[in-house]
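> make a model of this:
(one chain, ligands or ions: 1)
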Amino acid sequence: MKINENFLKIQNNYLFSDIAKKVAAYKEANPSADLIRLGIGDVTRPLPEAVTEAMKKAVEEQETVEGFRGYPPEYGYDFLRSAINRNDYAARGVSLSDDEIFVSDGAKSDCGNIGDIFSVDNLVAVCDPLYPVYVDTNVMADRSGVLQNGLWSNFHYMPCTAENGFLPQIPDKKVDIIYLCFPNNPTGMSITKEELAKWVAYANANDSLILYDAAYEAYITSEDVPHSIFEIEGAKSCAIEFKSFSKTAGFTGARCAYTVVPHELKRGGVELNALWGRRQATKFNGVSYITQRGAEAVYSEQGKQQVRANIAYYQNNAKVIADGLRKAGFTVYGGVDSPYIWLRTPDDLTSWEFFDLLLHKVQVVGTPGSGFGPSGEGYFRLTSFGDSEKTREAVARIVSVFSD
Ligand code: MLT
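The predicted model follows:
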């Protein structure tokens, strides 16, 4: 028996697991420490009442013979696929059929699992910094080559730094699979329709595939920023889109997301929709009825209002962080179309030095930019998903360290 040795190539644990361990060790050594966690992007507002009411009703249905549900359909219940289609696509002028939408337990799982349907031989392009799942899952699948100075030899990296406005440059050669995430995790920056159209044109011209992670689209406030890549003409023949109820409606614990694979999207004469359907039917058993009824309620009138209120709460936190740090002299990005604030570390500190300093001096937890890739070195990410009072307190604490 031999193991998949590609797993051994990934030297560190998953970034957020590493941070959780460091924080747990600190907490054990300092049990009375009043930690404020603005690290992993996990929401803190409770599920909207419309959602929990729908879930309760779904639970009660399970008590009756007529209402009981066994295995859910592996692609999602029709009621949810159709609600997603009407509200997230048709309402934005995008025409999809319900069977192009695959309901799942999370955008992280789908972003990771999608690689199953592609050959190992594809040239993968990724932004740097990036959500670590894109790289780690491709390392596991043997698409990476070897690690040299923090970069994998077989990937095409697209640095996103202050110098290029945190926008990746279109490759000057042919790449096969392109991961794009907008609004971006971790930089918090967004892309305009005009800029995204250039990627769609490139992908169609080069037979490339864009894997578009739009998990943070609910935070978009700018007019010219697309909520879906399918708002761009031509995207259906070159893109797969990942969306999630996690950051939109507080489902990080409840688990529900979806992936759109248009029928128009074909490679080698094969519809990727059929391949993904096959993959999901074999390896995934669907999301529970109760959770899907909760997700459907996100689109009710009440649900929409309650979701907007939660998002407004986090958007206000983002503003508090960005304004507070900027006023104190920090260089700050993101936070406008996104729940993430991306700041330059002061005094030439490395990302991890800054992390340790904040943890040990003022008990604030953030995420070191270098954990998202080499171009994240010298940056630091804070999330706006915390409690509003604690967020204000965290900003005051950070500022206090650098005020004299
Ligand atoms: C993050 O903090 O980057 C996200 O919460 C991670 C995730 O969504 O899996």
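
> around the ligand, which positions in the stretch 51-200 of the chain sit nearby?
With C-beta under 6 Å from any ligand atom as the criterion, the stretch 51-200 of the chain meets the ligand at residues 108, 131, 185. To be clear about C-beta, it is placed using only N, CA and C from the backbone, and glycine gets the same treatment.

> again, only using 5 Å
Within reach of the ligand by C-beta under 5 Å from any ligand atom, the stretch 51-200 of the chain has these residues: 108, 185.

> and the residue of the stretch 51-200 of the chain that's closest to the ligand?
residue 108 (4.4 Å; C-beta to the nearest ligand atom).

> pLDDT (mean, whole number) over the host helix or strand of that residue?
In this structure, residue 108 sits in helix 107-113 according to DSSP states H and E. Here helix 107-113 scores 98 as its mean pLDDT.

> so what are the sheet partners of the next helix or strand after it and their directions?
Using DSSP H and E, the helix or strand that follows helix 107-113 towards the C-terminus is strand 124-128. Strand 124-128 has the following strand partners under DSSP bridges: strand 156-159 (parallel), strand 177-181 (parallel).

> turn these into JSON lines, columns for mean neighbour count.
Shown next, in JSON lines, are these (neighbours: other C-beta atoms under 10 Å):
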{"stretch": "strand 156-159", "mean neighbour count": "18"}
{"stretch": "strand 177-181", "mean neighbour count": "24"}
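
> the residue most central in space within the chain in helix, strand or coil?
By C-alpha atoms, centre = their mean, the chain has its centre lying nearest to residue 215, at 4.6 Å. Three-state assignment for residue 215 (DSSP: H, G, I helix; E, B strand; the rest coil): coil.

> how about it, what does it touch?
Contacts for residue 215 (C-beta atoms under 8 Å, 6 or more residues apart in numbering) come out as 107, 181, 185, 242, 243, 244, 246, 247, 257.

> what about 7 Å?
If you count contacts by C-beta atoms under 7 Å, 6 or more residues apart in numbering, residue 215 has them with 107, 242, 243, 244, 246, 247.

> about what we covered before: please look at the residue of the stretch 51-200 of the chain closest to the ligand and residue 133 and confirm they touch.
Yes - with contact defined as C-beta atoms under 7 Å, residue 108 reaches residue 133; the gap is 5.6 Å.

> show me what residue of this protein gets nearest to the ligand.
Counting by C-beta to the nearest ligand atom, the chain gets nearest the ligand through residue 41, at 3.1 Å.

> give me every residue that touches that residue.
Residue 41 neighbours (C-beta under 7 Å, 6+ apart): 247, 339, 340, 383, 385.

> go again with 6 Å.
By C-beta atoms under 6 Å, 6 or more residues apart in numbering, the residues touching residue 41 are 383, 385.

> cool, and residue 167?
So residue 167 contacts nothing (C-beta under 6 Å, 6+ apart).

> recalculate using a threshold of 10 Å.
127, 158, 160-161, 182, 184, 187, 189-192, 195, 198 (C-beta atoms under 10 Å, 6 or more residues apart in numbering).

> Three-state assignment for it, please.
coil.

> dihedrals phi and psi, it?
phi -110, psi 130 (degrees, to the nearest 10).

> what confidence value was assigned to it?
97.

> what's the spacing between it and residue 177?
Applying C-beta to C-beta, to the nearest Å, one obtains 19 Å for the distance of residue 167 from residue 177.

> then residue 274?
18 Å.

> tell me the residue furthest from the middle of this protein?
residue 65 (38.6 Å).

> quick one: contacts of the helix holding residue 108?
102, 104, 106, 131, 133-134, 136-138, 140-141, 179, 181, 211, 213-216, 240-247, 255-259, 261, 276, 279-280, 283-284.

> are any of the residues you listed buried, and which?
102, 104, 106, 131, 133-134, 136-138, 140-141, 179, 181, 211, 213-216, 240-247, 255-259, 261, 276, 280, 284 (16 or more other C-beta atoms under 10 Å).

> what about these, which are in helices?
133, 134, 136, 137, 138, 140, 246, 247, 276, 280 (DSSP state H).

> farthest-separated two in those residues?
Using C-beta to C-beta, the two most remote members of these are 140 and 247, lying 24.8 Å apart.

> could you list the low-confidence segments of the stretch 301-404 of the chain?
404 (pLDDT under 70).

> would you map the strands across it?
332-334, 340-344, 364-365, 367-368, 379-383 (DSSP state E, counting those that start in this stretch).

> in TSV, list the ones you listed along with distance to residue 94 and mean neighbour count.
As requested, these are arranged in TSV below (distance: least, C-beta to C-beta, whole Å; neighbours: other C-beta atoms under 10 Å):
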stretch	distance to residue 94	mean neighbour count
strand 332-334	26	22
strand 340-344	25	26
strand 364-365	38	24
strand 367-368	33	26
strand 379-383	29	28
